[in-house]
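J.: got a predicted structure here, sequence first:
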Amino acid sequence: MKKIVVGMGTCGLSAGAQAAYDRLEMLTAANPDVCMLTRTGCIGMCYREPLVEVREGDSRVFYGGVTPESAEEIFSKHILGNEIIDDDNLVYACWPDGNTCGSESDFLDLQERIVLRNCGTIDPESIKDYEEAGGYQGVRKALTEMTPSEIIRTIKDSGLRGRGGAGFPTGLKWSFAAANEGDQKYVVCNADEGDPGAFMDRSVLEGDPHAILEGMIICARAIGATFGYIYCRAEYPLAIHRLEIAISEARERGYLGTNIVGSGFDFDLKIKQGAGAFVCGEETALFASIEGERGMPRIRPPFPAEKGLWQKPTNNNNVETFANVPWIICNGAGAFTAFGTEKSPGTKVFALAGKVVHGGLAEVPMGTTIEDLVFKIGGGIKNGKKFKAVQMGGPSGGCIPADMKGTPVDFESIPATGAIMGSGGMVVMDEDICMVEIARFFLDFTQKESCGKCTFCRIGTLRMLEILERLTRGEGEPEDIEKLEQLSIQIKEASLCGLGQTAPNPVQTTIRYYLDEYKAHIYDQKCPAGECQALVEFYIIPDKCVGCTLCAKNCPVDAISGKVKEVHVINIEACVNCGKCITSCNFGAVITR
Amino acid sequence: MKTAAKQENFNYRLWRYDGAPGELIPLLQSAQEHFGYIPRRAINYIAGVTAIPESDIYGVITFYSQFRLQPMGKYVIRVCAGTACHVSGAKLIRETVEDELGIEVDSTTEDGLFTLNTVACIGCCSLAPVIMINEDTHGSLTPASVRKILRNYRKKAAVSSDSIAVTAEGV
């Protein structure tokens, strides 16, 4: 029997998956013996959403950009007529013999899926689906066949490193929490994915929530914890909804609660919703937030393994780290180290976004080069533009320039460039992006999100932002670069937590690789990328202008002239670069250059 | 109907509060869900029941961007300011929305129809630039298309007989 699977992660739903699902539901209800309809999480090809997959035996066919109308066509031709619709909407097809075809074969063929093993395959709202895919075998093995120290040994041997960004060895972290005595210990899952431009954790939470629960149960057993929290951002309502379903199903099936799988081990957990503070991604701030306080970081030592949540020994890992754990327990440490590099084994999930053709999620072995990620999996740069840089690690990370695209992504090579691995956000930038402006953008973010505890982070980032704002307005001074460099060092040294210690990274890396752009802003009052609004020339493309007069009416300084139905022209001398003409034009005729 | 359920939720939470630590943020979240924002009297209630000083509660409210002390418009517009949206022209989209509505970020139109906010990342980066209006996401926007969307919402509001749902003070 054929199975129709609709991708219903946030990206799919935003693109209109519900409408396609509703239509297919109607059609399936009318033909109940022909096929079954189910939903799944994100398969990763966000750029082709809404995605509909037709499965029969081992063959899988994906259609992209599905509307209710094309869903009907898929149903009548493929489901009822057994005919694969081989047009632009055919994204990917995989046959039982392993052959693949379709426009996006590269995107999936180059990936190795450990963390995303079930994402886009199973119904995230069904524990049965998860169990059929081998789910909770890790819990069974860890709780009934292994001792806590054997679990920790396996994780240590696998070389798994924290996927939240810092890359601390997970097994070592667990051994600290296990070694500390306490009447109560906690396991915390950090699902407060705050980096703008990163959505890996969201996809795992939405697409395979049981994997995270399973990882947490195994960790709890290893360190001797009996209670856990998942701290998830409130901006991910679907993730929270699916976690709630997963938790209650896991309780029903005896994977949470008392005497889990008959092992005599007790563990339960609950979800805590974040309330919108980036700094709560920092573990001690996260604990403060769970405790109901302002989410401000605490001084270490004592470290969380000794005194964490509610002053009890606590182990905190990121979503992706926990999702790796059941796989490692089931397949062994050796299977994991077969992927990746010697010091960074395994895989890493990246969220490709920005000016890349294939925006989406990709899981690749550690050590894959930036070039492969951007050009092979990502399909290169949109609109045939030139590749300029990738930004990794969000506001804590840095920009890696195009000529370093051979850099492998792992925990050694990326920090050497001045960026950080981060949680896996990879924003691709083309030649139109100004690096000074990007530095300003990130500083604006970290400045607003600084909790205010450390003076250098609170005030230092503001001073840096003010300088960068001046630069983008063309009001820079020659000593500004030196001031920025100095402040960067001071903020890094005088901040308690990761937010302040990494906040200057975007500025430092852009100065390091794009000093010329900074100089052009300061000495020539020019923005070479043509992005900084105050430093560019506004221009109306004659071929696109229809003479609607809207721009002229909206211009506050009457700098635009032209008659109705005639091409309008901007008088550069009078123009104050306010941008009103761009936002008022309905035809995209006004550009900057 | 929906409001009654939410009210019960907030009152129920307050009622069953047993002094367990860490309940303040969930209480505030349910208060906001109920009132649409956190009115002064909700702070009073919570302070009375939990014995947490009002000043501490206020400190928590102002720390987290999710909490609002002012009523919201019928349509809450959240312009994504994530990195992917930023490099795809989110600033232009924000300026267009500001121009079309005649308000700036973090404020509400006089008729109570629209509240404009920015959000760090919605996570639909492949659809950038993106805005959310209440629960609906609109992607791949241009200044022209965002104006059209806003005008459609205005029309919808004018047609619908619903009174504008600026939540009034009080339970």
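T.: Sure thing, it's come through.
J.: in stretch A:577-590, which residues are buried?
T.: For stretch A:577-590, the buried set under the neighbour-count rule, 16 or more other CB atoms under 10 Å in any protein chain shown, comprises A:577-585, A:587, A:589-590. (Glycine included, C-beta is placed from N, CA and C.)
J.: now do stretch A:477-490
T.: For stretch A:477-490, burial by neighbour count (16+ other CB under 10 Å) applies to A:480-481, A:484, A:487-488.
J.: contact partners of that stretch?
T.: With CB atoms under 8 Å, 6 or more residues apart in numbering or on different chains as the test, stretch A:477-490 has contacts from A:456, A:460, A:463-464, A:467-468, A:470-471, A:504, A:507-508, A:511, A:515, A:518-519, A:522-523.
J.: which of those are buried?
T.: By neighbour count, with 16+ other CB under 10 Å, these hold A:456, A:460, A:463-464, A:467-468, A:470-471, A:504, A:507-508, A:511, A:518, A:522 as buried.
J.: looking at those, which are in helices?
T.: Among those, the members found in helices (DSSP state H) are A:463-464, A:467-468, A:470-471, A:507-508, A:511, A:518, A:522.
J.: thinking again about what came up before, nearest to chain B, of the buried residues of stretch A:577-590?
T.: The closest of the buried residues of stretch A:577-590 to chain B turns out to be residue A:583 (CB to the nearest CB; 4.1 Å).
J.: give me the sheet partners of the longest strand anywhere in chain A and which way each runs.
T.: As assigned by DSSP state E, the longest strand anywhere in chain A is strand A:347-354. Using DSSP bridges, strand A:347-354 pairs in its sheet with strand A:360-365 (antiparallel), strand A:425-430 (parallel).
J.: now, which of the buried residues of stretch A:477-490 sits nearest residue A:170?
T.: For the buried residues of stretch A:477-490, the closest approach to residue A:170 (CB to CB) belongs to residue A:488, at 30.3 Å.
J.: the closest one: what secondary structure?
T.: helix (DSSP: H, G, I helix; E, B strand; the rest coil).
J.: gap between it and chain B?
T.: 20 Å (CB to the nearest CB, to the nearest Å).
J.: for residue A:306, see how far away that residue is.
T.: Plainly put, residue A:488 is 32 Å away from residue A:306 if you go by CB to CB, to the nearest Å.
J.: quick one: is the lengthiest helix in chain B near chain A?
T.: If you go by DSSP H, chain B has its longest helix at helix B:143-159. Yes: counting by CB under 8 Å from any CB of the partner chain, chain A has neighbours in helix B:143-159: B:143-144, B:147.
J.: ChimeraX command for the buried members of those?
T.: A single ChimeraX command selects the buried members of the residues of helix B:143-159 next to chain A (16+ other CB under 10 Å):
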select /B:143,147
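J.: my read: residue A:213 touches residue A:250, true?
T.: Yes: using CB atoms under 8 Å, residue A:213 makes contact with residue A:250 at a distance of 5.5 Å.
J.: find the residues that touch each one of those two.
T.: Taking CB under 8 Å, 6+ apart as the criterion, residue A:213 and residue A:250 both touch residue A:256.
J.: more crowded one of those two?
T.: Ranked by neighbour count (other CB atoms under 10 Å in any protein chain shown), residue A:213 and residue A:250 place residue A:213 first, with 29 against 25.
J.: next helix or strand past the helix or strand bottoming out on mean pLDDT in chain B?
T.: None of the helices or strands of chain B scores lower by mean pLDDT, DSSP states H and E than helix B:2-15, at a mean of 64. Counting by DSSP states H and E, the element after helix B:2-15 in chain order, helix or strand, is helix B:24-35.
J.: for that following helix, buried residues please.
T.: By 16+ other CB under 10 Å, the buried positions in helix B:24-35 come out as B:24-25, B:27-32, B:34-35.
J.: ok, now stretch A:179-186?
T.: Of the residues in stretch A:179-186, those buried by neighbour count under the rule 16+ other CB under 10 Å are A:180, A:182, A:185-186.
J.: and which of the buried ones among the contacts of stretch A:477-490 is nearest residue A:341?
T.: Nearest to residue A:341 among the buried ones among the contacts of stretch A:477-490, counting by CB to CB, is residue A:508 at 25.4 Å.
J.: contacts only, for the closest one.
T.: Each residue near residue A:508 by CB under 8 Å, 6+ apart is listed here: A:398, A:418, A:485, A:488.
J.: 6 Å instead?
T.: Going by CB atoms under 6 Å, 6 or more residues apart in numbering or on different chains, residue A:508 touches residue A:488.
J.: give me the pLDDT for it.
T.: The confidence metric pLDDT takes the value 96 at residue A:508.
J.: ok, now the one 10 residues further on?
T.: Confidence per residue is given as pLDDT, and for residue A:518 that number is 97.
J.: residue A:87 too?
T.: For residue A:87, the pLDDT comes out at 82.
J.: how near is it to residue A:566?
T.: As judged by CB to CB, residue A:87 and residue A:566 stand 42 Å apart.
J.: neighbour-wise, which of the two wins?
T.: Shown here are residue A:87 and residue A:566; by other CB under 10 Å, residue A:566 has more neighbours (13 against 9).
J.: isn't the more buried one up against residue A:547?
T.: Yes: between residue A:566 and residue A:547 there is a contact under CB atoms under 6 Å: 4.6 Å.
J.: any regions of chain B where pLDDT drops low?
T.: Confidence mapping of chain B against pLDDT under 70 gives the ranges B:1-8, B:160-171.
J.: switch the cut-off to 50
T.: Chain B contains residues with pLDDT under 50 at B:1-6, B:161, B:163-171.
J.: how is it carved up into domains?
T.: Residue ranges for each domain of chain B read B:2-63, B:75-159, as given by automatic domain parsing.
J.: for the ones you listed, which one ends up most surrounded?
T.: Mean neighbour count (mean count of other CB atoms under 10 Å in any protein chain shown) peaks for domain B:75-159 among these, with a mean of 20.
J.: and residue A:1, how many neighbours?
T.: For residue A:1, the tally of surrounding residues (other CB under 10 Å) stands at 9.
J.: ditto for the one 3 residues further on
T.: Neighbour count of residue A:4, defined by other CB under 10 Å: 25.
J.: regarding it, what is its secondary structure?
T.: Reducing the assignment at residue A:4 to three states with three-state DSSP gives strand.
J.: contact partners for it?
T.: Residue A:4 neighbours (CB under 6 Å, 6+ apart): A:24, A:35, A:37, A:54.
J.: quick one: mean pLDDT for stretch A:340-350?
T.: For stretch A:340-350, the mean per-residue pLDDT is 95.
J.: tell me which residues touch residue 9, please.
T.: You didn't pick a chain, so chain A it is. Shown in contact with residue A:9 (CB under 6 Å, 6+ apart): A:41-42, A:203, A:206.
J.: chain B is the one I meant
T.: By CB under 6 Å, 6+ apart, residue B:9 lies in contact with residue B:30.
J.: how about the residues of the stretch 1-150 of chain A by chain B?
T.: Contacts of the stretch 1-150 of chain A with chain B, taken as CB under 6 Å from any CB of the partner chain, map to A:10-11, A:14, A:46-47.
J.: how many other residues sit next to residue A:572?
T.: Applying other CB under 10 Å, I find that residue A:572 has 11 neighbouring residues.
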